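> Sequence isn't available, so here's the structure alone:
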């Protein structure tokens, strides 16, 4: 078997994963306990409480789905979309496109609201796309383009529709207030601003959404009717599948780290580190890709300075400096970089180190 | 936030999770690397190679699904079952039942071959249940009943059907020879005999199965057409979803530990520890539940001695001794215990310790 030559890790400044908090890694490596152990169930409940805090919700059904962020996306659609349901989806990058693919497979009548990559979602276009959609779906922070959209204004005017939001790259980095914004269903990922290894999808749905859940979705693994009997409530928990125990302990420890620091301080750390990264890249001749006024503070997307070879520069950064940054996807592959300061990476020393290495490589 | 009062773990002797190998836990707690990092891709490829060894297959498409064992089950059906397809399923416990639920949701015409709980699958009944099924599905080691079935004899006579096997509780504990047995699609779990934390589903499909894969299954997350572009082949890997990096490093380290010890030695350790556990329980007045001749060597299912209160005894074992054993599910809830020696738990000292505690509690 091969040796893990990077057992000491990398400095992760791409679009995710970010570096994980040491407290989270330590918890994920602890000797196991059982998935029905009262000690584990207390940790699971506490994880749900922590997720409510970072997601800005009081929803009872708040817990980590046993899969990555994309499993969260699939759970958000598969439990609500019946064949023929009209689903309005804002598309301004890869993850909006992915939503269309997920919903289409379930037989939804997908109404795509297409935007230029790099633009924020148009609230007006999202709301006027269809007179009576069953679901309106939006990506809060588009990881592929670095754009943050105004989901609150969509939620405030959603009418009878359920409002479904992808918060993968926003939760833990910027204030997310799902209840105040009128969001009915949302999911996130652990490997971005939460500073936890990938593998779980924080998930939440309010009572309005739960009333409209399908009785028997096509997916057994993601069927919330069954999962909620394990993750919510007091007393006996019904076994559905074996929870990813240590991944959840890792998320629990990551949330504890964030809440001990204080959410405002964590957001400020993401904002200031992300700002320093943006400024540093611009001073090196990068040009912003995401629309001004709608940029994710902790994730800069920028055109490479002229003459820099994307693949070669990223390879040099990784091999010679142990630093990972992200390239572009789809139409901007080879043209932009995605560089972030999220989770444990969002510390001044990491940002300064990363910028110094980038300077050495692109200058 | 609550404190993890069992940070030192438990002695896990239930039906899963078992104790994880320390090498696996250490790897799962390492500082992160990226999911497209060449170092990680080498580990992923090596993990697939290790899985081929423990699953007895040369299948190219062999990798860990990003979800628990049940996600493996769902992937095994959702990529092959089209509405109306005839699927013969052997049911002799919870996991055969679960297969029926999964397949039924996908619109399969499910032909259930029901058995008494505690009995092995009847090869004859499985093969004569339908003249031309698209899929024949069986559980190799039924975790709910402790029964090991003869899947090789089904595979040898499967005809044109695809043969799909659940190996969750057998892989790593007893010899599994998927290619020799004519198995086309199989999945396992990490938290049983592989001695790795729960969260991944080792998965494999041969070329015969890959030729019949649906072009566009209803699940995006588990769509093998897309996932295979990331997990197989040389060179550029197409991003599908962010792999659960550290969970895979944990599986990699667990497999390395097993292969360094040698598969035969690992099987012998499971057999001898499981045998000692069986003998010890019988000497305490337990009575075997699973049919003689078809018992999983490392997982004993047994009726409680008269007068022992199931819930109370298990609570005492957990709270006073830090030892977890499993109760019965479904029709045998409250009547049987499921006690195992799997993974790191399959060591003589653990079995002796566990039996001493059980003796103290049930005598």
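Thanks, I have the structure now. Bear in mind the structure is a predicted one, so any value in this text is a computation, not a measurement. Numbering: from 1, shown residues only, chains lettered A, B, ... in the order given.
> residues from the stretch 151-300 of chain A in reach of chain B?
A:189, A:191, A:197-199, A:216-221, A:239-247, A:249, A:252-253, A:255-256, A:259-260 (Cβ under 8 Å from any Cβ of the partner chain). C-beta: built from backbone N, CA, C; applies to glycine.
> In helices only, show me those residues.
Among those, DSSP state H puts A:245, A:246, A:247, A:249, A:252, A:253, A:255, A:256, A:259, A:260 in helices.
> Just the buried ones among the residues you listed, please.
A:245, A:246, A:247, A:249, A:252, A:253, A:255, A:256 (16 or more other Cβ atoms under 10 Å in any protein chain shown).
> Domains in chain A, by residue range?
Chain A is divided into the following domains under automatic domain parsing: A:11-18+A:263-362, A:22-259.
> end to end, how far does the last one reach?
Yep, that's domain A:22-259 we're talking about. Start and end residues of domain A:22-259 are separated by 15 Å (Cα to Cα, to the nearest Å).
> any idea of the mean pLDDT in it?
Domain A:22-259 carries an average pLDDT of 97.
> now swap in stretch A:317-324 and tell me
98.
> Buried residues of the helix or strand containing residue A:312, list them for me.
Residue A:312 belongs to helix A:310-321 when assigned by DSSP states H and E. Buried residues in helix A:310-321, defined by neighbour count with 16+ other Cβ under 10 Å: A:313, A:314, A:316, A:317, A:318, A:321.
> what packs against that helix?
Secondary-structure packing of helix A:310-321 (3 or more Cβ pairs under 8 Å, 6 or more residues apart in numbering or on different chains; DSSP states H and E): strand A:323-324, strand A:326-327, helix A:348-362.
> tell me the most buried of those?
strand A:323-324 (a mean of 25; mean count of other Cβ atoms under 10 Å in any protein chain shown).
> tell me how far it is from the chain's mean position?
How far strand A:323-324 lies from its chain's middle: 20 Å, per Cα atoms, centre = their mean, to the nearest Å.
> residues contacting the closest residue to residue A:353 other than its chain neighbours?
Closest residue to residue A:353 apart from its sequence neighbours, by Cβ to Cβ, 6 or more residues apart in numbering or on different chains: residue A:11 at 6.6 Å. With contacts defined as Cβ atoms under 8 Å, 6 or more residues apart in numbering or on different chains, residue A:11 is in contact with A:19, A:321, A:322, A:323, A:324, A:345, A:350, A:353, A:354.
> cool, and residue A:159?
residue A:132.
> same thing but at 10 Å, please
A:127, A:131, A:132, A:133, A:136 (Cβ atoms under 10 Å, 6 or more residues apart in numbering or on different chains).
> How about the secondary structure of it?
Three-state call for residue A:159 (DSSP: H, G, I helix; E, B strand; the rest coil): coil.
> related to what we said a few turns ago, any chance of the domains of chain A in JSON lines, plus distance to residue B:169?
What follows is these, written out as JSON lines (distance: least, Cβ to Cβ, whole Å):
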{"stretch": "domain A:11-18+A:263-362", "distance to residue B:169": "31"}
{"stretch": "domain A:22-259", "distance to residue B:169": "11"}
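> Name the stretch among these that sits most buried.
Comparing these by mean count of other Cβ under 10 Å gives domain A:22-259 as most buried, with a mean of 23.
> Specify the local secondary structure of the closest residue to residue A:341 other than its chain neighbours.
Of all residues not flanking residue A:341 in the chain, residue A:273 sits nearest, at 3.7 Å (Cβ to Cβ, 6+ apart). The local conformation at residue A:273, judged by three-state DSSP, is helix.
> Which residue, other than its chain neighbours, is closest to residue A:359?
residue A:284 (6.1 Å).
> give the contact list for the one you found.
A:302, A:304, A:305, A:308, A:355, A:358, A:359, A:361, A:362, A:363.
> What is the neighbour count of the last one?
In other words, residue A:363. As a burial measure, residue A:363 scores 9 neighbours (other Cβ atoms under 10 Å in any protein chain shown).
> Next, work out how far apart the closest residue to it other than its chain neighbours and chain B are.
Nearest non-adjacent residue to residue A:363, counting by Cβ to Cβ, 6+ apart: residue A:284, 7.1 Å away. Using Cβ to the nearest Cβ, to the nearest Å, we find residue A:284 at a distance of 22 Å from chain B.
> Just the closest of the contacts of residue A:11 to chain B, please.
residue A:324 (4.8 Å; Cβ to the nearest Cβ).
> so residue A:338 is in which element?
Residue A:338 belongs to strand A:336-340, assigned by DSSP H and E.
> Actually, residue A:278.
helix A:263-283.
> Packing partners of that helix?
helix A:38-55, helix A:245-261, strand A:287-288, strand A:299-303, strand A:336-340, helix A:348-362 (3 or more Cβ pairs under 10 Å, 6 or more residues apart in numbering or on different chains; DSSP states H and E).
> Would you mind measuring from residue A:76 to residue A:159?
19 Å (Cβ to Cβ, to the nearest Å).
> Over to residue A:22?
46 Å.
> Please apply the same query to residue A:124.
For residue A:124 relative to residue A:159 (Cβ to Cβ), the value is 14 Å.
> Name the residue of the stretch 201-350 of chain A with the shortest distance to chain B.
Nearest to chain B, among the residues of the stretch 201-350 of chain A, is residue A:244, at 3.4 Å (Cβ to the nearest Cβ).
> give the contact list for that residue.
With Cβ under 10 Å, 6+ apart, residue A:244 has these contacts: A:28, A:35, A:64-67, A:199-200, A:250-251, B:17, B:67-68, B:190-191, B:197-200, B:244, B:247.
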